[in-house]
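Participant: Show me how the following folds:
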Amino acid sequence: MKKLTSSLVICMLMLGTAACTANTENDEPPQTREMTAEQQAQAIDDMTAPVDSLVRCMLENNMAYDPQDPEFFWTALAYFAGQYGSEHELAEVTDDTITLPSKAVQEYAIALFADYDDLLELPDSLSSRVTYDESTDAYTFGRGDIGLAETKLTLKEEKDGIITVQADLVSLMEDHDIIGSWTVAMTNNTYADGISDPLFLYSVSSVTPVETTDNQQGNEGQTQTTQTSASNKTTVTAVYNGLSDGHTAEMTLPDGTVNAYQFTDSQVASKLQEYKVGDAITFTYTQESKDAAMVITNVE
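Facilitator: Got it, this is the predicted structure:
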């Protein structure tokens, strides 16, 4: 894949007629200067989709935020494009796929990774989720959706040009359980001044699981406790006891232990619907810490 310099990336990302000019007097994009509180709040809210894609990628695949890792880079992009790419004006959408020109994929990558320089080489391991057509200079992603949870951002701090927010992945069911929490740092999108009507005025620079959050208030005013840290994938075979609610499945393990497992992925939800109570089921889950929710990431 042909590499592009940063200046060329800026030009390619122009979605209108704005000129590609160097900003030599001020490194800060003009769109992010002197924003009102309302404008800043909107700019942060616009980052919900990229942050949501990152935290789901990290949670469901046991990955750390690492923009230099091609597998993480493209898996995060697959989540972003697969879940939200249909909203892009340049998207070509089918029932199962979303195709985006490379300049649109680059714009998404810039929002996900503040140190973005160019699209990394696409790993073979992602070939079932992402393909590249050199003749059209476009990428095709498998479609996904946000399932039974959503990410909510809360501004925590603004200091030295860095915006820090807390991202909570929250169940859409009546209980509004917090499935996981992360601290997200964002900086000004340094490419924004080269894009006509940019989608994102910020870029994510780090995503860190919240190790311990005590007395965290849920949407219903109930106290929640969320603990997240480095997680492990575990594959088990158990007896399916059915759904206790729209995002929780109950399983009986071989030793007789009965556990509840959460899920947010729509494909997991669809797979679980194929099983009847009493069926043997093999599935993979992640757990951020011993006290955190066990989240099903795959059902065989």
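Participant: List the residue ranges of this protein that fall below the pLDDT cut-off.
Facilitator: Applying pLDDT under 70 to the chain flags residues 1-33, 174-175, 212-231, 289-291.
Participant: How about the strand ranked longest in it, which residues are buried there?
Facilitator: What stands out as the longest strand in the chain, according to DSSP state E, is strand 232-245. Using 16 or more other Cβ atoms under 10 Å as the test for burial, strand 232-245 gives 238-241, 243. The way it works is simple: take the backbone N, C-alpha and C, and place the C-beta from them, glycine included.
Participant: ok, now which ones touch L148?
Facilitator: L148 makes contact with 171-173, 246-247, 263-264, 266, 269, according to Cβ atoms under 8 Å, 6 or more residues apart in numbering.
Participant: Centre-most residue in this protein?
Facilitator: The residue lying closest to the centre of the chain (Cα atoms, centre = their mean) is S53, at 1.1 Å.
Participant: Out of the contacts of L148, grab the one that's most surrounded.
Facilitator: F263 (29 neighbours; other Cβ atoms under 10 Å).
Participant: Report the secondary structure element holding the residue nearest to it when sequence neighbours are not counted.
Facilitator: Nearest non-adjacent residue to F263, counting by Cβ to Cβ, 6 or more residues apart in numbering: I296, 4.3 Å away. Using DSSP states H and E, I296 falls within strand 294-299.
Participant: what sits opposite D168 in the beta ladder?
Facilitator: K152, S181 (DSSP bridges).
Participant: doesn't E150 make contact with it?
Facilitator: No. Between D168 and E150 there is no contact under Cβ atoms under 8 Å: 9.2 Å.
Participant: Look at those two and report which has more neighbours.
Facilitator: D168 (25 against 14).
Participant: returning to that earlier point: quick check, nearest of the buried residues of strand 232-245 to T97?
Facilitator: Nearest to T97 out of these is L243 (Cβ to Cβ; 29.4 Å).
Participant: Can you name the residues bridging to the closest one?
Facilitator: Counting by DSSP bridges, L243 forms beta bridges with A249.
Participant: Next one: it from M47, what distance?
Facilitator: Distance of L243 to M47, computed by Cβ to Cβ, to the nearest Å: 32 Å.
Participant: what's the answer for L126, then?
Facilitator: Taking Cβ to Cβ, one finds L126 at 24 Å from M47.
Participant: Give me the more crowded residue out of these two.
Facilitator: A count of neighbours by other Cβ under 10 Å puts M47 above the other of L126 and M47, at 25 against 17.
Participant: Ignoring the adjacent residues along the chain, who's closest to the more buried one?
Facilitator: Counting by Cβ to Cβ, 6+ apart, the nearest residue to M47 once its immediate chain neighbours are dropped is Y202, at 5.4 Å.
Participant: What of T94?
Facilitator: Here the residue nearest T94, using Cβ to Cβ, 6+ apart, is R143, at 7.9 Å.
Participant: and the one you found, what does it touch?
Facilitator: Contacts of R143 (Cβ under 8 Å, 6+ apart): 82, 86, 93-98.
Participant: Restrict those to the buried ones and give me that as a ChimeraX selection.
Facilitator: Only the buried members of these end up in this ChimeraX selection, burial being decided by 16+ other Cβ under 10 Å:
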select :82,97,98
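Participant: Redo the contacts of R143 as TSV? Include secondary structure.
Facilitator: TSV is the format used below for these (DSSP: H, G, I helix; E, B strand; the rest coil):
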residue	secondary structure
G82	helix
S86	helix
V93	strand
T94	coil
D95	coil
D96	coil
T97	strand
I98	strand
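Participant: will you turn the contacts of R143 into a markdown table that also has distance to E158?
Facilitator: Below are the contacts of R143 laid out as a markdown table (distance: Cβ to Cβ, whole Å):
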| residue | distance to E158 |
| --- | --- |
| G82 | 31 |
| S86 | 32 |
| V93 | 36 |
| T94 | 41 |
| D95 | 42 |
| D96 | 41 |
| T97 | 39 |
| I98 | 34 |
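Participant: quick one: which of the contacts of R143 is nearest V130?
Facilitator: After measuring the contacts of R143 against V130 - Cβ to Cβ - the closest member comes out as G82, at 8.9 Å.
Participant: What's the separation between the closest one and M186?
Facilitator: Taking Cβ to Cβ, one finds G82 at 22 Å from M186.
Participant: State the phi and psi torsions of D117.
Facilitator: Backbone torsions for D117, taken as degrees, to the nearest 10, come to phi -130, psi -40.
Participant: And for Q83?
Facilitator: Q83 adopts backbone torsions of phi -90, psi -30, taken as degrees, to the nearest 10.
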